[in-house]
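Asks: model this:
(one chain, ligands or ions: 1)
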Amino acid sequence: MAWDFETDKDYQLLLDWADNFVRTKVMPLDVVLGSAMEYQDPDFIRLVRPLQQEVKDMGLWACHLGPELGGLGFGQLKLALLNEILGQSRFASVVFGCQAPDTGNAEILAHYGSEDLKDRYLKPLLNGEIASSYSMTEPQGGADPTQFTCMAVQDGDEYVINGEKWFSSNARYASFLIVMAVTDPEASAHARATMFVVPTDADGVEIVRNVGVGEEGPNHGTHAYVRYTNVRIPKENMLGPRGQGFAVAQTRLGGGRIHHAMRTVGQIKRAFDMMCERALSRTTKGEVLADKQLVQEKIADSWIEMEAFRLLVLRTAWRIDQYNDYLKVRKDIAAIKALMPKVYHDVVSRCIQIHGSLGVSNELPLTGMLMSSFVMGIADGPTEVHKVTVARQVLRDYEATEELFPAYTLPNRRRAALDLLGDQIEREVELW
Ligand SMILES: Cc1cc2nc3c(=O)[nH]c(=O)nc-3n(C[C@H](O)[C@H](O)[C@H](O)COP(=O)(O)OP(=O)(O)OC[C@H]3O[C@@H](n4cnc5c(N)ncnc54)[C@H](O)[C@@H]3O)c2cc1C
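Replies: Numbers count the residues shown, from 1 in each chain. Have a look, this model is predicted:
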């Protein structure tokens with residue numbers, strides 16, 4: 001029997017080290033530094049680089065990568081257990097060299113980039129020296145990529161890109177963008193687009209504005225509205241075959257979605273821990289909140305949902321390791337992507353409620369987490385789309401019946417049972 005819910009002892013020691021390291025050395029950065037992506041900022045160099053070195057010394061740097069790329073080839077299950085820890089801190093994935101969107105972009109470069117692109121972009125990306133951005137969504141629609149209009153037209157040995165992209169995260173810090181552009185407008189819906197590496201400082205790349213998430217405010221976000229005007233790039237910057245942009249995108253999106261889910265388990269646990277401590281500490285009407293049944297229900301529901309979600313994430317990670325093929329786990333990944341925003345939202349909402357005014361204040365991370373729960377239901381494709389995937393995949397295992405009354409109705413089951421057993425039954429059985 002191979003079912004096992006225990007972590008092997010040696011790996012648990014590493015997880016314990018990571019947990020302590022994140023709590024004592026990384027989480028303090030969350031409350032004193034600005035963006036985790038400003039790699040050239042003097043504070044980043046002074047405070048973050050030494051921590052990255054400690055992670056490297058422990059052998060935990062970029063452990064989402066296989067050995068061919070300098071990682072340890074941990075596989076997704078071990079990574080899931082580590083990411084639960086990293087998910088608790090804004091800076092942790094940068095300190096451990098496994099932050100989105102760089103992880104997914106590295107995967108694309110590793111699979112489809114030329115040796116020259118790997119030298120120029122993949123190596124410094126893996127070393128945490130540069131940041132990257134993924135530029136796919138367009139202002140007129142993201143959930144349906146067949147509507148994209150940003151074009152790349154071949155001109156000799158170059159492609160010329162014109163169009164706009166929306167919510168290209170971290171473009172303002174990135175050295176390059178991976179851009180999806182239409183190269184074959186007449187082709188079928190999923191063979192129209194191609195991926196390209198575009199240096200952020202190329203002529204014609206313009207950040208129209210940086211959009212933020214959350215409260216209305218001025219131009220201080222990290223999700224860029226990008227305009228590409230006659231941007232010329234060599235044809236060698238193409239990633240994967242022409243027209244296969246959607247297939248190439250799956251390389252990053254499959255992994256990206258489960259990595260978000262792993263980190264979200266950590267965020268949910270963080271909210272859950274706060275909720276429990278508060279329930280045990282706050283007294284009203286002569287007893288602690290934890291003694292009130294309506295509060296107990298919140299804690300019980302949260303624990304059940306959190307554990308169920310966590311197990312689904314871990315099983316999905318295990319399946320990826322077993323099959324080594326994201327297409328074989330499409331249903332599982334879509335399922336955790338669809339479940340993630342709900343569990344995150346519900347646990348954080350209960351945590352806010354139990355904290356009362358403190359819960360909605362700007363002295364706790366909870367309103368930001370609540371907004372993140374909505375982000376998880378939109379970024380990398382809306383929940384509705386992933387539920388459609390789950391349903392379609394599930395229904396593949398079933399067949400329709402031509403019968404007016406299905407075989408599982410009682411009269412049909414009795415008839416079938418009598419066919420099988422009738423000559424052994426002595427009394428008369430009424431047939432409806
Ligand atoms: C924080 C954040 C970071 C992001 N980072 C990036 C990035 O780095 N690069 C990038 O390219 N994109 C990025 N995105 C964009 C993201 O991929 C898109 O927001 C997403 O694909 C949805 O597209 P949209 O926002 O245009 O919504 P729309 O396509 O306009 O959809 C709006 C809503 O319509 C409903 N809907 C859509 N389709 C269906 C359907 N088939 N059935 C039923 N209902 C449906 C859903 O409720 C959906 O939320 C990011 C988004 C967020 C929020």
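Asks: can you tell if stretch 191-202 touches the ligand?
Replies: No. Counting by CB under 6 Å from any ligand atom, the ligand is not contacted by stretch 191-202; separation bottoms out at 11.5 Å. For glycine as for every other residue, the C-beta is placed from the backbone atoms N, C-alpha and C.
Asks: pull out the buried positions in that stretch.
Replies: Within stretch 191-202, the residues that qualify as buried by neighbour count (16 or more other CB atoms under 10 Å) are A191, R192, A193, T194, M195, F196, V197, V198, P199, T200.
Asks: CA atoms of it as CSV?
Replies: Output for stretch 191-202, consisting of C-alpha atoms alone and laid out as CSV, is shown next (Å, rounded to 0.1, in the frame of the first residue of the first chain):
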residue,chain,number,x,y,z
ALA,A,191,-3.4,28.3,-33.5
ARG,A,192,-3.4,32.1,-34.0
ALA,A,193,-0.9,33.3,-31.4
THR,A,194,2.8,32.9,-30.7
MET,A,195,5.0,33.7,-27.6
PHE,A,196,7.9,36.1,-27.8
VAL,A,197,10.6,37.4,-25.5
VAL,A,198,10.5,41.2,-25.5
PRO,A,199,13.2,43.2,-23.7
THR,A,200,11.4,45.8,-21.5
ASP,A,201,13.8,48.5,-22.8
ALA,A,202,13.1,47.8,-26.5
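Asks: now that stretch: mean pLDDT?
Replies: Per-residue pLDDT values over stretch 191-202 give a mean of 97.
Asks: same question, stretch 38-45
Replies: 93.
Asks: gap between I299 and V343?
Replies: Distance of I299 to V343, computed by CB to CB, to the nearest Å: 14 Å.
Asks: quick one, which of the two is more surrounded?
Replies: Residue environment comparison for I299 versus V343 gives the larger neighbour count to V343, 25 against 20, counting by other CB atoms under 10 Å.
Asks: now do the contacts for the more buried one.
Replies: Contact partners of V343, counting by CB atoms under 8 Å, 6 or more residues apart in numbering, are I268, E305, M306, A308, F309.
Asks: residues contacting stretch 22-34, please?
Replies: Outside of stretch 22-34, the residues within contact range by CB under 8 Å, 6+ apart are 36, 41, 43-44, 47-48, 51, 54, 85-86, 88-92, 95.
Asks: what do you get if the cut-off is 6 Å, keeping everything else the same?
Replies: Contacts of stretch 22-34 with the rest of the structure, by CB atoms under 6 Å, 6 or more residues apart in numbering, involve D43, L51, I85, S89, R90, F91, A92, V95.
Asks: just how off-centre is the helix or strand where the first one lies within its chain?
Replies: Just to be clear, that refers to D43. When elements are assigned from DSSP states H and E, D43 belongs to helix 42-43. Computed by CA atoms, centre = their mean, to the nearest Å, the separation of helix 42-43 from the middle of its chain amounts to 29 Å.
Asks: quick one: residues in contact with it.
Replies: L33.
Asks: the helix or strand following that helix - contacts with which helices or strands?
Replies: Moving toward the C-terminus from helix 42-43, the first helix or strand encountered (DSSP H and E) is helix 49-58. Helix 49-58 sits against helix 92-95, with contacts defined as 3 or more CB pairs under 6 Å, 6 or more residues apart in numbering; DSSP states H and E.
Asks: could you give the average pLDDT over the helix it packs on?
Replies: 96.
Asks: buried ones in it, by neighbour count?
Replies: If you call a residue buried by 16+ other CB under 10 Å, then helix 92-95 has these buried ones: A92, S93, V94, V95.
Asks: the protein against the ligand: which residues are in contact?
Replies: With CB under 6 Å from any ligand atom as the criterion, the chain comes near the ligand at residues 101, 134-137, 141-143, 167-169, 213, 223, 375, 378-382, 384-385.
Asks: list buried residues within the residues you listed.
Replies: Members of the residues of the chain next to the ligand that pass the buried threshold by neighbour count (16+ other CB under 10 Å) are listed as 101, 134-137, 142, 167-169, 213, 223, 379-382.
Asks: out of these, name the ones that lie in helices.
Replies: Residues of those located in helices (DSSP state H): none.
Asks: which of those sits closest to the ligand?
Replies: G142 (2.3 Å; CB to the nearest ligand atom).
Asks: quick check: the farthest pair among the buried ones among the residues of the chain next to the ligand?
Replies: Of all pairs drawn from those, the greatest distance, 18.9 Å, lies between S135 and P382 (CB to CB).
Asks: picking up where we left off before, just the ones in strands from the buried residues of stretch 191-202, please.
Replies: Using DSSP state E, A193, T194, M195, F196, V197, V198, P199 are the members of these that sit in strands.
Asks: ok, now which ones touch the last one?
Replies: The one in question is P199. Residues in contact with P199, defined by CB under 6 Å, 6+ apart, are F176.
Asks: do the fourth one as well
Replies: F196 makes contact with V179, I233, N237, M238, according to CB under 6 Å, 6+ apart.
Asks: quick one: which of these has the most company?
Replies: Neighbour tally across the contacts of F196 (other CB under 10 Å): the maximum, 30 neighbours, falls on V179.
Asks: which residues does that one bridge with?
Replies: Beta-bridge pairing for V179 (DSSP bridges): S135, F196.
Asks: from A249, how far off is it?
Replies: When CB to CB is the yardstick, V179 and A249 sit 11 Å from each other.
Asks: do the same with V388
Replies: The span separating V388 from A249 equals 18 Å under the rule CB to CB.
Asks: which of those two has more neighbours?
Replies: Here V388 and A249 are set side by side on neighbour count (other CB under 10 Å), and the busier one is A249, at 22 against 13.
Asks: so for stretch 261-269, mean pLDDT?
Replies: Stretch 261-269 comes out with an average pLDDT of 97.
Asks: on that earlier part again, in strands only, show me the buried ones among the residues of the chain next to the ligand.
Replies: Among those, the members that lie in strands (by DSSP E) are Y134, S135, F167, S168, S169, H223.
Asks: from memory the fourth one sits against S132, does it?
Replies: No. In this structure, S168 is not within contact of S132 by CB atoms under 6 Å, at 10.2 Å.
Asks: and which of the buried residues of helix 92-95 is nearest the ligand?
Replies: For the ligand, the closest of those turns out to be S93, at 14.9 Å, with distances computed as CB to the nearest ligand atom.
Asks: isn't the closest one up against L86?
Replies: Yes. Counting by CB under 6 Å, L86 is a contact partner of S93 at 5.1 Å.
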